[in-house]
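Asker: Sequence first, then the predicted structure:
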Amino acid sequence: MAVGTDVLPLIWRIKRMDDCAIAGGGAAGLMAAVAAAQAGAKVCVLERNSALGRKLLLTGGGRCNLTHGGTVEGLVQAYGHCGRFLRHALHIFGPDAVMRFFAERQVPCTIEQDGCVFPAVHRATDVCRTLYETGRDLGVQYLYSRRVEAITRIESGFELHTTGQTVQARTVIIAAGGASWPQTGSDGDGWRLAKEFGHTLIPPRAAVCPVVAAESWVGQLQGVALEDAALKSTIGGKKIAARGALVFTANGLGGPAVFDLSREVTDTLFAGRGPVAIVTDLVPTLTIEQLDAELVAQSAAHAKRRAFTVLAGRMPRALAMLLLSQIEPSPSLLAGQITRQQRRKLTELVKSLPLTITATAPLAQATVTRGGVALDEIDPKTMQSHKCPGLFFAGETLNADGPCGGYNLQIAWATGVLAGRSAAQLAASLSTA
């Protein structure tokens with residue numbers, strides 16, 4: 001879906017006063033526009049692309065992982081460093097409210113076993129269209145191909161300067177995203193605008209992304225995937241863990257389990273305190289004793305087959321062969337020839353495969369940006385700037401991020417709704433003052 005046009009009515013080619021102008025037509029900006037308009041505000045959205053929701057359309061592989069099921073307190077804990085800041089916004093518009101919002105607009109949701117919430121039809125296009133049409137029906141005006149180059153204070157509020165036109169508004173919401181997936185238009189514009197008003201920027205870095213390993217052998221497994229793996233590490237005295245699908249890349253690891261771990265790893269690496277040692281459990285459904293018993297049984301049942309076949313039912317052939325090569329270089333070793341000592345080493349490798357993480361993928365390849373506008377400069381009850389009354393923030397422009405699995409879109413929805421309602425309320429009080 002491409003919701004967009006560059007045909008503007010004459011009224012938009014001159015200065016006009018709105019209650020709320022929103023910089024950014026992504027998930028947070030679109031939801032903020034709906035919330036502000038529902039509260040009675042006159043709203044415009046300025047989008048630098050020729051269509052809305054470019055990044056939104058890519059989320060969840062195009063399926064759009066809308067949110068993550070669970071309680072507000074469960075989400076607060078999962079968010080970690082930004083959980084306390086987000087608590088109020090989540091109470092205002094949490095997972096249940098997100099699902100209800102879309103269901104009421106003919107986009108019912110399904111909750112998968114792991115807690116991820118998707119549209120029942122698994123189409124991100126339906127999500128984007130629903131937001132656009134809901135805003136349109138409420139009178140929201142969308143301006144396309146309009147990058148906000150600067151925002152200045154004026155007596156009546158703000159002026160937003162874009163290519164070829166100026167928009168005036170009583171309040172402004174910056175929802176221009178972070179710097180991940182820059183091909184969608186997220187290149188740090190929101191941070192540039194925030195800094196103009198004196199806001200502190202926590203240095204951006206990649207999160208929810210693949211990681212680079214020091215071990216060269218991982219490249220031999222490029223494309224090999226496991227549906228379930230568990231990763232553990234200790235960083236700064238804190239034990240961290242993640243579990244889910246894993247895939248070997250040309251120089252490291254990817255997949256949901258790695259993406260979750262990367263949120264913690266990226267801070268350590270960015271601060272120069274790396275590399276980070278991790279251990280990977282390739283068969284987390286079995287204890288080491290159960291795995292050992294299974295290897296004994298498989299060795300006896302398939303004694304004349306090559307040794308790697310004892311792991312054939314638990315992992316891809318290429319991974320099994322590589323693990324065997326680390327305990328016995330000879331490819332001719334048969335299952336029945338595996339010694340007790342070799343079996344012990346093999347079980348240890350399977351249950352605690354050591355890896356050394358030296359870097360994350362570049363920010364441009366990350367799903368989410370970690371870093372952004374410092375949260376202590378934002379009022380968590382309204383999303384309004386402490387430095388500039390009338391200026392609000394929503395979404396990835398903030399130093400708020402979550403694990404893989406719908407948590408980051410939930411931030412967009414919750415902060416968008418809170419910023420939109422708060423901006424509309426302030427604009428109403430200003431217009432009657």
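Answerer: The structure has been received and is ready for your questions.
Asker: The helix or strand harbouring Ala32 - contacts with which helices or strands?
Answerer: Applying DSSP states H and E as the criterion places Ala32 in helix 27-38. On a contact count with 3 or more Cβ pairs under 8 Å, 6 or more residues apart in numbering; DSSP states H and E, helix 27-38 meets strand 17-23, strand 43-46, helix 124-137, strand 165-174, helix 407-431. C-betas here are computed from N, CA, C, even on glycine.
Asker: please redo it, this time with the cut-off set to 6 Å
Answerer: If contacts are counted by 3 or more Cβ pairs under 6 Å, 6 or more residues apart in numbering; DSSP states H and E, helix 27-38 sits against strand 17-23, strand 43-46, helix 124-137, helix 407-431.
Asker: Quick one: closest of these to Asp187.
Answerer: Among these, the nearest to Asp187 by Cβ to Cβ is strand 17-23 (13.1 Å).
Asker: Buried by neighbour count: which residues of that closest one qualify?
Answerer: Buried positions in strand 17-23, judged by neighbour count with 16 or more other Cβ atoms under 10 Å: Asp18, Asp19, Cys20, Ala21, Ile22, Ala23.
Asker: On the three-state scheme, Glu227 is what?
Answerer: Secondary structure, DSSP: H, G, I helix; E, B strand; the rest coil: Glu227 is strand.
Asker: show me the contacts for it.
Answerer: By Cβ atoms under 6 Å, 6 or more residues apart in numbering, the contact set of Glu227 is Ala245.
Asker: how far away is it from Glu396?
Answerer: 29 Å (Cβ to Cβ, to the nearest Å).
Asker: do Glu215 as well
Answerer: Counting by Cβ to Cβ, the separation of Glu215 from Glu396 is 32 Å.
Asker: Between those two, point out the one with more neighbours.
Answerer: Counted by other Cβ atoms under 10 Å, Glu215 and Glu396 do not tie: Glu396 has more neighbours, with 31 against 14.
Asker: Dump the least confident helix or strand in the chain by mean pLDDT to PDB, restricted to CA.
Answerer: One helix or strand of the chain scores below all others by mean pLDDT, DSSP states H and E: helix 256-270, with a mean of 91. Extracted in PDB, the C-alpha atoms of helix 256-270 (Å, rounded to 0.1, in the frame of the first residue of the first chain):
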ATOM      1  CA  PRO A 256      15.300 -13.400  17.600                       C
ATOM      2  CA  ALA A 257      17.400 -14.900  20.400                       C
ATOM      3  CA  VAL A 258      20.400 -12.900  19.300                       C
ATOM      4  CA  PHE A 259      18.400  -9.800  18.700                       C
ATOM      5  CA  ASP A 260      17.200  -9.800  22.400                       C
ATOM      6  CA  LEU A 261      20.700 -10.400  23.600                       C
ATOM      7  CA  SER A 262      22.000  -7.600  21.500                       C
ATOM      8  CA  ARG A 263      20.200  -5.000  23.500                       C
ATOM      9  CA  GLU A 264      22.500  -5.700  26.400                       C
ATOM     10  CA  VAL A 265      25.600  -6.400  24.400                       C
ATOM     11  CA  THR A 266      25.500  -3.200  22.400                       C
ATOM     12  CA  ASP A 267      25.900  -1.000  25.500                       C
ATOM     13  CA  THR A 268      29.000  -2.900  26.600                       C
ATOM     14  CA  LEU A 269      30.600  -2.800  23.200                       C
ATOM     15  CA  PHE A 270      29.700   0.800  22.600                       C
END
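Asker: List of residues touching that helix?
Answerer: Defining contact as Cβ under 6 Å, 6+ apart, one finds that helix 256-270 is touched by 205-209, 211, 229, 231, 235, 240, 242-246, 274, 276, 357, 360, 370, 403-404.
Asker: any idea what Ala250 is structurally, helix, strand or coil?
Answerer: With three-state DSSP as the criterion, Ala250 reads coil.
Asker: tell me the pLDDT at the residue lying closest to it once chain neighbours are set aside?
Answerer: The shortest distance from Ala250 to any residue other than its chain neighbours is 4.9 Å, reached at Gln222 (Cβ to Cβ, 6 or more residues apart in numbering). With respect to pLDDT, Gln222 has a value of 97.
Asker: Okay, strands next: where are they in the stretch 301-433 of the chain?
Answerer: With DSSP state E, counting those that start in this stretch as the criterion, the stretch 301-433 of the chain has strands at 353-360, 368-373, 391-393.
Asker: follow-up on the earlier one: quick check: next helix or strand after the least confident helix or strand of the chain?
Answerer: In N-to-C order, the element after helix 256-270 by DSSP H and E is strand 276-281.
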